[in-house]
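>>> Just need the structure, nothing else, for what follows:
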Amino acid sequence: MTIEIKVPQLPESITDATLVAWHKQPGDAVRRDENLADLETDKVVLEVPAPADGVLRKVTVATGTVVTAGQLLALIEEGAQSPAAAPTPVGAESVKAKAVEKEPAAPEKDKLSPSVRRLVQENRLDPGTIPASGRDGRLTKSDVVGFLGKQSSAQEGAAGGSAAKPAVPAGARAEHRVAMTRLRQRIAQRMVEAQSTQALLTSFNEVDLTAVNQLRARHKERFEKEHGVKLGFMSFFVKACIEALKRFPVVNASIDGTDIVYHEFYDIGVAVSTDRGLVVPIVRDADAKGFAAIEKEIAEYAKKARAGTLAIEDLTGGTFTITNGGVFGSLMSTPIVNAPQSAILGMHKIQERPMVVDGQILVRPMMYIAITYDHRLIDGRDAVQFLVTVKDSLEDPGRMLLGV
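Residues are numbered from 1 along each chain as shown. Model prediction:
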């Protein structure tokens, strides 16, 4: 029985997708629910699973093609066997076994992120020959790029100064052109839209994280033992922002035409950097969750984001966003609002600096924080006082627990 493989129903607000990789070729055996291809939208990467066991007979869409929901991608012959799966002749078992033993152990394809998988396939590499530095022995994009660089250097060294090597003029400036991914195109579009449709302004303050550091130092081991997750900084910032949003509801609001929509819930977006670009999964109803639940959710989102397995529901909505450029060493920045939200908080690098405390100069762990806001809706007074509230909550974390 021949089964048609079609583009699945795309998430709401997404009209098309790009087929970025085939994981099976015509003639290959497939198993039910095995991933056949990756479809990249402007938000997430979707997998196309096999509906039944069989053999992939025909591929109708080439890699790089833009497709729409319901479009035919391939044909599967249900229950068929590929030539490679034919019975082994008597006496050949031992030869086959020896051949298998000599094959290098390679990670299964489903352990590779979409960007890594694509890079491996485009360069016809064996993942098992590339040293992996990721968690649980996973390959990262930097592993593959580094491996390709070493291959290129080795090939150049082997070629030496032979006449076959093309001469490169001294001072030549090479260029390399690649197509933007769907996600990068979407990021570019949203950044331009935010700048052109909102009146963005940024205010700054600084926060002394001594109290937070002391609290984490006292409880981090017990916290991790009790909850199975590390006590990071992000849960403190999420909670501090919620306290400030409750006091200044306009920062949690958005503009819809000529109306102001005040959100009476707190869905906090946490920006996560991936090989494909920046994504913002949402911690929903964050005000009703404890520190442990927030840390677990953020850690799970980060894991899914880097593996390319975030669902569209993970990225939809949000009333306020937090981004942390400090993990990359940023000391100060002006983050761009994640429209249609009206404000975003920027965290930065923690740096020890001399501060005057009660008339004495002391070394304290300081962080610059920034709020970028839509000045059409939020007045400077509210934005500045919002930032001061965040600062006060972090410098005296007990206030968040007591609600004062």
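
>>> can you list the domains in this protein?
What automatic domain parsing lists as the domains of the chain is 1-85, 113-148, 200-402.

>>> Could you list the residues in contact with whichever strand or helix holds Gln214?
Using DSSP states H and E, Gln214 falls within helix 210-227. Contact with helix 210-227 is made by 229-231, 233, 236, 291-292, 295-296, 364-365, 394-397, as judged by Cβ atoms under 8 Å, 6 or more residues apart in numbering. From N, CA and C alone the C-beta is placed, and that goes for glycine too.

>>> Can you show me the CA trace of it as CSV?
The C-alpha trace of helix 210-227 is given here as CSV (Å, rounded to 0.1, in the frame of the first residue of the first chain):
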residue,chain,number,x,y,z
THR,A,210,25.5,40.9,47.6
ALA,A,211,22.3,39.7,49.3
VAL,A,212,21.3,37.4,46.4
ASN,A,213,24.8,35.9,46.3
GLN,A,214,24.7,35.3,50.0
LEU,A,215,21.3,33.7,49.8
ARG,A,216,22.4,31.4,46.9
ALA,A,217,25.6,30.5,48.7
ARG,A,218,23.7,29.5,51.9
HIS,A,219,21.0,27.4,50.2
LYS,A,220,22.2,26.3,46.7
GLU,A,221,23.3,22.8,47.8
ARG,A,222,20.1,22.0,49.6
PHE,A,223,18.0,23.7,46.9
GLU,A,224,19.6,21.5,44.2
LYS,A,225,19.2,18.4,46.4
GLU,A,226,15.6,19.1,47.1
HIS,A,227,14.5,20.2,43.6
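
>>> re the thing from before, looking at the domains of the chain, spot the one closest to Arg182.
domain 1-85 (4.6 Å; Cβ to Cβ).

>>> And the helices in the stretch 51-200 of the chain?
Ranges of helices within the stretch 51-200 of the chain are 93-102, 114-122, 141-159, 182-197, based on DSSP state H, counting those that start in this stretch.

>>> rank these by pLDDT, which is bottom?
Least confidently modelled of the helices of the stretch 51-200 of the chain is helix 93-102, at a mean of 41 by mean pLDDT.

>>> Of the contacts of helix 210-227, which belong to helices?
Residues of those located in helices (DSSP state H): Phe236, Phe291, Ala292, Glu295, Lys296, Leu394, Glu395.

>>> So of those residues, which two are at opposite extremes in space?
Going by Cβ to Cβ, the pair spanning these furthest: Lys296 and Glu395, at 25.7 Å.

>>> hmm, back to that, of all the contacts of helix 210-227, which two lie farthest apart?
Most distant of those, by Cβ to Cβ, are Lys296 and Arg364, 29.9 Å apart.

>>> Now do the contacts for the closest residue to Ala50 other than its chain neighbours.
Excluding its sequence neighbours, the residue lying closest to Ala50 (Cβ to Cβ, 6 or more residues apart in numbering) is Val30, at 4.4 Å. Neighbouring residues of Val30 by Cβ under 8 Å, 6+ apart: Lys24, Leu36, Ala50, Asp53, Gly54, Val55, Leu56, Ile76.
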